[in-house]
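Novice: Kindly generate the corresponding structure for this input.
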Amino acid sequence: MTVDAHHHVWDLSVRDQDWIRGAELRSLRRNFTLADLAPEARAAGVDRTVLVQTVTVAEETPEFLALAAEHELVAGVVGWTDLTRPGIADELARLRELPGGRFLKGIRHQVQGEPDPEWLLRADVQRGLAAVAGAGLVYDLVVLPHQLPACAKAAAGVPRLTFVLDHLGKPPIASGEHEPWATALRTLAALPNTVAKLSGLVTEADPASWTTDDLRPYTDTALEAFGPGRLMFGSDWPVCTLAATYSQVSETTRELTSGLSAAERSAVYEGTAKRVYGL
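Specialist: Predicted coordinates:
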């Protein structure tokens with residue numbers, strides 16, 4: 001089995017994706033469905049996927065759970081709910097009781113959009129993270145490099161919760177800078193309750209001229225810091241289409257991990273995702 005641990009779908013007739021603004025994102029302003037994804041995934045040898053939230057709208061998570069119940073391709077959902085609400089534990093339990101609720105595997109919030117670089121350390125957020133851990137779910141981190149130190153503090157503060165770093169914390173690949181991102185990533189990786197996704201990297205590079213070698217210093221750093229047993233492949237489809245096709249992302253990641261043993265590659269492409277998300 002090969003697992004794509006990170007992709008999205010959306011239907012603009014259901015709701016707008018208000019983050020899709022500007023000429024550079026124009027190609028994303030259309031519907032992207034599981035029917036669109038399925039042949040791409042099959043061609044890349046992907047058997048199962050994890051569907052990840054896109055907007056901070058409560059209705060999206062139940063919709064994604066229902067999709068997972070209807071489509072064999074989706075093995076898990078990372079949804080959104082308000083971590084700061086006083087009744088967060090009850091809300092997580094309610095989501096688990098919905099149609100497809102068994103597919104809820106994690107929660108994510110667009111921390112990258114929060115102006116406070118230490119948003120994750122707020123008392124109400126920490127209480128919410130503890131509730132996510134109590135529900136047996138994981139927490140996906142979508143952050144920018146300057147927010148990585150707070151991620152490490154949050155993970156240390158809630159040791160029962162597994163934190164999944166999306167897109168390696170969005171390293172500055174386009175500029176070629178390595179620090180302070182690399183040091184912050186290693187600090188996070190030093191905590192045993194953290195894992196990361198080899199995802200979303202082609203759109204952090206120059207979308208028009210990126211090469212595999214542009215990505216390699218960042219994936220090599222992640223492989224060294226986390227090890228293959230705490231890394232997982234994710235396409236970040238359809239956002240990746242701004243810079244690459246699904247097959248190009250898959251092929252590039254396989255090239256970047258070609259030096260691993262068969263067992264290590266199996267972890268990146270299946271084992272880590274199955275273990276972390278309970279697929």
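
Novice: right, and the secondary structure at residue 267 would be what?
Specialist: Assigned with DSSP: H, G, I helix; E, B strand; the rest coil, residue 267 falls in the helix class.

Novice: That should have said residue 115, apologies.
Specialist: Put simply, residue 115 is coil when judged by three-state DSSP.

Novice: Quick check: which element contains residue 49?
Specialist: Element membership for residue 49, per DSSP states H and E: strand 48-52.

Novice: Just give the number of residues close to the closest residue to residue 120 other than its chain neighbours.
Specialist: The shortest distance from residue 120 to any residue other than its chain neighbours is 4.0 Å, reached at residue 154 (CB to CB, 6 or more residues apart in numbering). Any C-beta I mention is one placed from the backbone N, CA and C, and that applies to glycine too. Close neighbours of residue 154, defined as other CB atoms under 10 Å, add up to 25.

Novice: What's the first helix or strand after the host helix or strand of residue 154?
Specialist: Here residue 154 is covered by helix 148-157, with elements defined by DSSP H and E. For helix 148-157, the following helix or strand on the C-terminal side (DSSP H and E) is strand 163-165.

Novice: Just the mean pLDDT for that following strand, thanks.
Specialist: Summarised as a single mean, pLDDT over strand 163-165 is 98.

Novice: List the neighbouring strands of it plus their orientation.
Specialist: With DSSP bridges as the test, strand 163-165 is paired with strand 138-141 (parallel), strand 194-198 (parallel).

Novice: Next, format those strands as TSV and append mean neighbour count.
Specialist: Output for those, formatted as TSV (neighbours: other CB atoms under 10 Å):
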stretch	mean neighbour count
strand 138-141	24
strand 194-198	26
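
Novice: between these, which one is nearest to residue 6?
Specialist: Closest approach to residue 6 among the strands paired with strand 163-165 (CB to CB): strand 194-198, 5.3 Å.

Novice: Quick check: what element follows the closest one along the chain?
Specialist: Using DSSP H and E, the helix or strand that directly follows strand 194-198 along the chain is helix 212-226.

Novice: Check the offset of the following helix or strand past that next one from the chain's centre.
Specialist: Later in the chain than helix 212-226, the nearest helix or strand by DSSP H and E is strand 231-233. Relative to its chain's centre, strand 231-233 lies at 10 Å (CA atoms, centre = their mean, to the nearest Å).

Novice: Now do strand 231-233, average pLDDT.
Specialist: Average pLDDT, strand 231-233: 98.

Novice: Direction included, what does that strand pair against?
Specialist: Next to strand 231-233 in the sheet, as set by DSSP bridges, lie strand 194-198 (parallel).

Novice: got the contact list for the strand it pairs with?
Specialist: 5-6, 155, 162-169, 185, 188-189, 219, 222, 226, 230-234, 253, 256-257, 268, 272, 276 (CB atoms under 8 Å, 6 or more residues apart in numbering).

Novice: Now for residue 12, how many residues are close by?
Specialist: Counted with other CB under 10 Å, residues neighbouring residue 12 total 13.

Novice: Ignoring the adjacent residues along the chain, who's closest to residue 156?
Specialist: Leaving aside its sequence neighbours, residue 156 sits nearest to residue 191 (CB to CB, 6+ apart; 6.0 Å).

Novice: mind checking the backbone torsions on the one you found?
Specialist: Residue 191 has phi and psi values of phi -90, psi 130 when expressed as degrees, to the nearest 10.

Novice: Run a quick neighbour tally on it.
Specialist: As a burial measure, residue 191 scores 15 neighbours (other CB under 10 Å).

Novice: Quick one: residues contacting it.
Specialist: For residue 191, the contact set (CB under 8 Å, 6+ apart) comprises 152, 155, 156, 159, 163.

Novice: Try it again at 7 Å.
Specialist: 152, 155, 156 (CB atoms under 7 Å, 6 or more residues apart in numbering).

Novice: Equivalent analysis for residue 272, please.
Specialist: Contact analysis of residue 272 by CB under 7 Å, 6+ apart lists 195, 229, 230, 231, 232.

Novice: Likewise for residue 233?
Specialist: Contacts of residue 233 were listed using CB under 7 Å, 6+ apart, and they are 4, 5, 198, 253, 268, 269.

Novice: By neighbours, which of the residues you listed wins?
Specialist: For these, the largest number of neighbours (other CB under 10 Å) sits with residue 5, at 33 neighbours.

Novice: how much space is there between that one and residue 171?
Specialist: 18 Å (CB to CB, to the nearest Å).
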